[in-house]
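A.B. asks: Quick one: sequence plus predicted model below, questions after.
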Amino acid sequence: MISIKHSAVLESLRHKKPLVHHITNYVTVNDCANITLSIGASPVMSHAWEEVEEMVSHADALVLNIGTLDHYQEKSMLLAGHAANSRDIPVIVDPVGTGATRYRTDFMSRLIGELQISVIKGNAGEIGTLAGADARVRGVDAGNVRGDLITIAQDFALETGISIAISGAMDIVSDGSKVLIVENGHSMMGRISGTGCMATSIIGSFAAVHRDMAEASAISLAAFGIAGERAAACCSAPGSFKTALFDHLALLTPEELARNAKIRTA
Amino acid sequence: MISIKHSAVLESLRHKKPLVHHITNYVTVNDCANITLSIGASPVMSHAWEEVEEMVSHADALVLNIGTLDHYQEKSMLLAGHAANSRDIPVIVDPVGTGATRYRTDFMSRLIGELQISVIKGNAGEIGTLAGADARVRGVDAGNVRGDLITIAQDFALETGISIAISGAMDIVSDGSKVLIVENGHSMMGRISGTGCMATSIIGSFAAVHRDMAEASAISLAAFGIAGERAAACCSAPGSFKTALFDHLALLTPEELARNAKIRTA
Amino acid sequence: MISIKHSAVLESLRHKKPLVHHITNYVTVNDCANITLSIGASPVMSHAWEEVEEMVSHADALVLNIGTLDHYQEKSMLLAGHAANSRDIPVIVDPVGTGATRYRTDFMSRLIGELQISVIKGNAGEIGTLAGADARVRGVDAGNVRGDLITIAQDFALETGISIAISGAMDIVSDGSKVLIVENGHSMMGRISGTGCMATSIIGSFAAVHRDMAEASAISLAAFGIAGERAAACCSAPGSFKTALFDHLALLTPEELARNAKIRTA
């Protein structure tokens, strides 16, 4: 289902080792750093107003994750985002918990209004909330959304010019014109903290080396999903599964990615 | 020693998957998230003044952990605590490092004065300090306390109306009337960071589904202790022990909990 | 290559279990806590202005790591550093990302000017920047430095009176008079996040029990390097390697350290 070109993107990532600047939550930040290294990129975390723009000047992509957003981070993200836009590097946003509180939903609206965002990757409840669908979100779980997710993704991408990735048992990615469906992954990935955040870090890593944001997102979700499938094959409990997840993403070869990725157009 | 009713509480927890809101330290926050998932509940972390009350409105329990307390978190905890009280969901407090600095001890006094707390879970030095016993605490370790810990727990619970859990080689839990002793666990649990914090997250998870706070605490410490015993059986070094600890808590069945819990009344 | 005296330092560390106060970044803080426990010391993390000096009053060493420095932490570090100096306990500094931003470089100059620092442990780019060499740093990776690293370390140590440790494939430590070369370690250590920070925490642990700062640093890097070599022997992927790294540092005996440490004078 995946063409050879997609596996070449992984080769390119590992060759270029892009620097992925994160402003992210303090719950899963270590997982984000390690998953970025596992796929072959280099992470850097920095949020101080005094330096965040200068740090972005070295980066190849910027990941903004609002998992533990606060007043200080709001400005950090805006400063970094504008710096990224002025350098024309991709900005990937994870709207963790959007819909659970008004604060997060409002800040996401502000980010979308003020920055040029390349990709928003969230679960159904988060993206549904942003897209104005009838969504119910509690905490940071997926929540419930009425309506067809493919339509929601495509329409919202078309409206905003942002590539939209909805993670779930079946991942949906759209840039407004094409829709890509990714059917890799394993339910164990929902039994540990941070897989959503890690997926976004991987998207940041691929987006740094591949111009087509929907393709970069789909390849990322496929690669991570394959690692999850392999980790689940060895490990049915969360501690050892998590360890294996990092292992299998690092061990994944471009050829294995090409052979096992289940990406199709909708 | 444990009655069938106690194992039914674990079934109930896994069925209801309660949302446990944490305001906690940045050292062990990821462990708290993952241990909450391992026992079968759902964690959410949020501290921004703008949203913390709204996030609590979705939660089934609130965990406050002062491991890296600062001025910002003080207000976050008070806002969240009042919101939890108004919704009548349990508030579980881990007084990490109380006694090591005046700042922590004073803030704990304030929390106890202003909020209705359901459970305080600490080590001997922390609880001893709060209870006014002759305690010496250095850093975040257990410290030394003069006096009988059972009496300290029971008297302090009686005085405050809060269930008190003192963790140690032998855990002591009291709500002022009954005293429960838990004799599960393994010394390896003291060789990794965060087991104290994780225990508190587990208590938050059980307290969300079981009204009797002393029982909920004792069941939590038994379940975690059994996982520790099993992890120690396979792994005598801290890295692999920690991985196994998450595994064995997730794998623990209600029947195994009932069979292996060593809970008795004092 | 290492004398018996050096292995006695590890025995002493495990006997005394020194308390190592950290003010560090939120990316690798959990790894720092666990590696401190693995070597046999006791970690405490605290940054609140209200308590940081009092917490230092219990500590045997202070570790300052600027990996996610911000305005709040600047003052925390200065307060803690002055308290450590007044008690004459060692202050170990990790200048993470120095050279990547002006903010970090300037703050390091301020720390060096205001505090009496015992050891600075960084990679070639970070130390090169501080020493005024022609260094290029991007993010938190090692960067490129022109000039002989041994000369840079020795001259900078002589100029400042601070022991300087440059980590790399070959570690270089100097206190201005002697230069120690450590040739333990494995390239896998660069494939996970936090090994640089962990090395600094280990130096803090050894520095708490051994007066000669260059020796304490070299022993630390040898011990950690041996653990890395052993972890790499079992585990060629990053998740399992990281788990094994904690295991092997905890399992390392003084005799094994003496037998396997590759420390020599330059």
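C.D. replies: Here it is on my side, so go on. Numbers count the residues shown, from 1 in each chain, chains lettered A, B, ... in the order given.
A.B. asks: Tell me which stretches of the stretch 151-266 of chain A form helices.
C.D. replies: A:195-207, A:213-234, A:238-251, A:254-260 (DSSP state H, counting those that start in this stretch).
A.B. asks: residues in chain A within reach of chain B, list them.
C.D. replies: Selection of chain A residues close to chain B by CB under 8 Å from any CB of the partner chain yields A:25-28, A:30-31, A:67-71, A:97, A:100-104, A:138-141, A:191-194, A:237-240, A:242-243. No exception for glycine: its C-beta is placed from N, CA and C like everyone else's.
A.B. asks: any weak-confidence spans in the stretch 1-150 of chain A?
C.D. replies: A:1-4, A:135-144, A:146 (pLDDT under 70).
A.B. asks: Chain C contacts on the stretch 51-200 of chain A?
C.D. replies: A:51, A:54, A:55, A:58, A:59, A:72.
A.B. asks: So which of those belong to helices?
C.D. replies: In this view, those that belong to helices under DSSP state H are A:54, A:55, A:72.
A.B. asks: who touches the residue nearest the centre of chain A in this structure?
C.D. replies: For chain A, residue A:200 is the residue whose C-alpha lies nearest the centre (CA atoms, centre = their mean; 1.9 Å). Residues near residue A:200 by CB atoms under 8 Å, 6 or more residues apart in numbering or on different chains: A:32, A:63, A:65, A:92, A:93, A:94, A:121.
A.B. asks: still on that earlier bit, give me whichever of the helices of the stretch 151-266 of chain A is most buried.
C.D. replies: Most buried of the helices of the stretch 151-266 of chain A by mean neighbour count (mean count of other CB atoms under 10 Å in any protein chain shown) is helix A:195-207; its value is a mean of 30.
A.B. asks: tilt between that one and helix A:238-251?
C.D. replies: 10 degrees (axes from the mean of the first three to the mean of the last three CA atoms, to 10 degrees).
A.B. asks: circling back to that earlier point, filter the ones in helices among the residues of the stretch 51-200 of chain A next to chain C to the buried ones?
C.D. replies: Burial by neighbour count, judged by 16 or more other CB atoms under 10 Å in any protein chain shown, picks out A:54, A:55, A:72 from those.
A.B. asks: possible to save those as JSON lines with distance to residue A:187?
C.D. replies: Formatted as JSON lines, those follow (distance: CB to CB, whole Å):
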{"residue": "A:54", "distance to residue A:187": "42"}
{"residue": "A:55", "distance to residue A:187": "37"}
{"residue": "A:72", "distance to residue A:187": "36"}
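A.B. asks: which one of those is nearest chain B?
C.D. replies: Checking those against chain B by CB to the nearest CB gives residue A:72 as the nearest, at 8.7 Å.
A.B. asks: wouldn't that closest one be in contact with residue A:47 here?
C.D. replies: Yes: counting by CB atoms under 8 Å, residue A:72 touches residue A:47, with 7.3 Å between them.
A.B. asks: what sits in contact with each of those two?
C.D. replies: residue C:70.
A.B. asks: Enumerate every residue touching whichever residue of the stretch 51-200 of chain A sits closest to chain C.
C.D. replies: Closest approach between the stretch 51-200 of chain A and chain C, counting by CB to the nearest CB: residue A:51, at 3.7 Å. Listed by CB under 8 Å, 6+ apart, the contact set of residue A:51 reads C:69, C:101, C:102, C:103, C:104.
A.B. asks: the helices in the stretch 1-150 of chain A, which residues?
C.D. replies: A:4-16, A:29-39, A:52-56, A:71-87, A:102-114, A:124-130, A:149-160.
A.B. asks: Compare the ones you listed and report which one is nearest to residue C:252.
C.D. replies: helix A:29-39 (23.4 Å; CB to CB).
A.B. asks: any idea how far stretch A:40-51 is from the chain center?
C.D. replies: 17 Å (CA atoms, centre = their mean, to the nearest Å).
A.B. asks: let me redo that: stretch A:98-114
C.D. replies: For stretch A:98-114, the distance to the chain centre is 17 Å (CA atoms, centre = their mean).
A.B. asks: Show residues contacting that stretch.
C.D. replies: A:64, A:66, A:69, A:74, A:77-78, A:81-82, A:93, A:95-97, A:117, A:120, A:122, A:125-126, A:128-130, A:135-140, A:143, A:160, A:162, B:44, B:46, B:48, B:50-51, B:54-55, B:58.
A.B. asks: Please convert the residues of the stretch 51-200 of chain A next to chain C to JSON lines, extending it with distance to residue C:204.
C.D. replies: Converted to JSON lines, these look like this (distance: CB to CB, whole Å):
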{"residue": "A:51", "distance to residue C:204": "25"}
{"residue": "A:54", "distance to residue C:204": "29"}
{"residue": "A:55", "distance to residue C:204": "26"}
{"residue": "A:58", "distance to residue C:204": "29"}
{"residue": "A:59", "distance to residue C:204": "30"}
{"residue": "A:72", "distance to residue C:204": "28"}
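A.B. asks: And the furthest pair within those residues?
C.D. replies: Largest pairwise distance in these, by CB to CB, is 21.8 Å, between A:58 and A:72.
A.B. asks: Tell me which residues touch residue A:183, please.
C.D. replies: A:170, A:171, A:225, A:262, A:264.
A.B. asks: Give me the buried subset of these.
C.D. replies: Buried subset of the contacts of residue A:183 (neighbour count, 16+ other CB under 10 Å): A:171, A:225, A:262.
A.B. asks: Same list, those residues, but as JSON lines with pLDDT please.
C.D. replies: As requested, these are arranged in JSON lines below (pLDDT from 0 to 100):
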{"residue": "A:171", "pLDDT": "97"}
{"residue": "A:225", "pLDDT": "98"}
{"residue": "A:262", "pLDDT": "96"}
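A.B. asks: quick check, nearest of the residues you listed to residue B:249?
C.D. replies: For the buried ones among the contacts of residue A:183, the minimum distance to residue B:249 (CB to CB) is 25.8 Å, reached by residue A:225.
A.B. asks: How about that closest one, nearest residue that isn't a chain neighbour?
C.D. replies: residue A:184 (2.7 Å; CB to CB, 6 or more residues apart in numbering or on different chains).
A.B. asks: Counting neighbours, what do you get for the residue lying closest to residue A:157 once chain neighbours are set aside?
C.D. replies: Leaving aside its chain neighbours, residue A:157 sits nearest to residue A:176 (4.0 Å; criterion: CB to CB, 6+ apart). For residue A:176, the neighbour count with other CB atoms under 10 Å in any protein chain shown is 18.
A.B. asks: thought residue A:176 was touching residue A:154?
C.D. replies: Yes: shown here, residue A:176 and residue A:154 form a contact pair, counting by CB under 8 Å, at 6.4 Å.
A.B. asks: ok, back up a step: so among the contacts of stretch A:98-114, which ones count as buried?
C.D. replies: Here, 16+ other CB under 10 Å leaves A:64, A:66, A:69, A:74, A:77-78, A:81-82, A:93, A:95-97, A:117, A:120, A:122, A:125-126, A:128-130, A:135, A:137-140, A:143, A:160, A:162, B:44, B:46, B:48, B:50-51, B:54-55, B:58 buried among the contacts of stretch A:98-114.
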